[in-house]
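A.B. asks: Sharing a model prediction with you, sequence too.
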Amino acid sequence: MKKIVVIGGGTMGLDIAQTFAKKGYDVVVRDINDAIIQASEARLNKGLDKLVSKGKLDEAGKKAITDKMTFTTDLNLAADADLVVEAAIENLDIKKSIFAELDKICKPETILASNTSSISITAIAAATQRPDKFIGMHFFNPATVMKLVEVIRGAHTSDETCKTITELAVAIGKEPVEVNEAPGFVVNKILIPMINEACDLLYTGVASAEGIDTAMKLGANHPMGPLALGDLVGLDVCLAIMDTLYHETGDPKYRASLLMRKMVRAGKLGRKTGIGFFDYR
Ligand code: CAA
Ligand code: NAD
């Protein structure tokens, strides 16, 4: 495993790419247009400069990371990749079209992995001719910090693919947990409905946003409150996960909060748009 292509330079893609680069892998970050890919590279530099100013990284360490990273809009750079990790938006049709194209471009040995939060690995893999080399490699936000990687087998994922990805997760300092395919896997089946409940508490006026978050930080010892966490994840991502849980199970307990849907429609997605439950501007 030498060259890794990350599809999507957003919240997750950039941090996943940085995590691999820090461990010496050659990483290509691919997004859809020049403006987005330039903004992604600028966010990398800003984030690394912050670590330098805090004394957690020196200039040589920063250079070692940036030297390993290439930013592009050209998907053909995936042709000789050993692994592709997709972190584009949480939408089955978009993920399938990305992987159908990658399947044609990449060498036959390339492992294809999705960082999907909730979508069926088997359903995405069906867009390729290599479902045995297709797997879920699910990082957690912020991916540079969070230890867990859920390793998710689709119906046709081979033992060899699963072993390679499990070993890779360990090699980059993460703790892999193997999970069978199920909507939301383990963490998001529990965590995102909790954020959804917090939205409903706010919508029904049970407490203020600050009150809800303080209650969960002090009453459940969570490092951040559920609404701040929704803002960190992105409310569009939370909504897509709730909709997958609801549609896959048919269980009304997974109905998305009307407030969450309204905020997504209003573009109040959380940190990435500067405003969500809290104001980051
Ligand atoms: N990039 C790089 N480093 C970061 C960082 C970032 N974005 N954010 C924090 N850090 C580092 C800090 O530099 C610090 O490092 P040191 O320990 O070396 O000093 C460390 O992480 C702790 O950060 P802080 O002291 O600034 O802040 P904190 O202690 O409050 O931790 C946090 C921040 C790690 C985000 C913590 O609040 C936390 O764990 N929150 C919950 C996060 C969570 O639940 N994530 C999962 C979301 S769900 C998901 O990801 C799945 C999905 O599919 C939607
Ligand atoms: P994001 O909106 O921050 O970034 C998505 C990026 O993908 C954008 O830059 C967008 O331009 C790009 N993109 C869209 N179509 C593309 C294509 N065809 N090729 C290349 N890039 C494309 O989203 P995110 O939060 O980084 O989420 C990405 C994936 O990771 C989703 O599947 C999400 O469910 C999952 N995930 C998110 C989190 C989280 O906390 N945000 C955590 C774990 C997993």
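C.D. replies: Here it is on my side, so go on. Ligands and ions are numbered 1, 2, ... in the order given.
A.B. asks: What distance do you get for residue 236 to ligand 1?
C.D. replies: Noted for residue 236: a distance of 11 Å to ligand 1, by C-beta to the nearest ligand atom, to the nearest Å. C-beta: built from backbone N, CA, C; applies to glycine.
A.B. asks: pLDDT wise, what is that residue at?
C.D. replies: pLDDT recorded at residue 236 is 98.
A.B. asks: Pretty sure residue 70 sits in a helix.
C.D. replies: No - Residue 70 is assigned strand when assessed by DSSP: H, G, I helix; E, B strand; the rest coil, not a helix.
A.B. asks: what about residue 228, which helix or strand?
C.D. replies: Assessed by DSSP states H and E, residue 228 sits inside helix 226-233.
A.B. asks: Other residues contacting that helix?
C.D. replies: Here helix 226-233 makes contact (C-beta atoms under 8 Å, 6 or more residues apart in numbering) with 11, 141-142, 191-192, 194-195, 197-199, 202, 209, 212-213, 216, 222, 224, 238, 260, 270-271, 276-278, 280.
A.B. asks: got it, and stretch 88-102?
C.D. replies: Here stretch 88-102 makes contact (C-beta under 8 Å, 6+ apart) with 7-8, 10, 13, 75, 78, 84, 86, 110, 112, 114, 116-120, 123-128, 134, 236-237, 240-241, 244.
A.B. asks: what do you get for stretch 236-256?
C.D. replies: Applying C-beta under 8 Å, 6+ apart, the external contacts of stretch 236-256 come out as 89-91, 117-120, 183-184, 188-189, 192-193, 195-196, 230, 257, 260-261, 264, 269.
A.B. asks: Repeat that for stretch 150-168.
C.D. replies: Under the contact criterion C-beta under 8 Å, 6+ apart, stretch 150-168 has outside partners 1, 83, 111, 113, 120-122, 124-125, 131-138, 169, 176-181, 185-187.
A.B. asks: among the residues you listed, which are in strands?
C.D. replies: Taking DSSP state E, the ones among those that sit in strands are 83, 111, 113, 134-138, 176-180.
A.B. asks: what mean pLDDT would you report for the helix or strand that contains residue 263?
C.D. replies: Taking DSSP H and E as the definition, residue 263 sits inside helix 258-265. In this model, helix 258-265 carries a mean pLDDT of 98.
A.B. asks: In contact with the residue lying closest to residue 23 once chain neighbours are set aside, which residues?
C.D. replies: Leaving out its chain neighbours, the residue that sits closest to residue 23 by C-beta to C-beta, 6 or more residues apart in numbering is residue 172, at 4.8 Å. Each residue near residue 172 by C-beta under 8 Å, 6+ apart is listed here: 19, 20, 22, 23.
A.B. asks: In helices, which of these fall?
C.D. replies: Secondary structure from DSSP state H places 19, 20, 22 of the contacts of residue 172 in helices.
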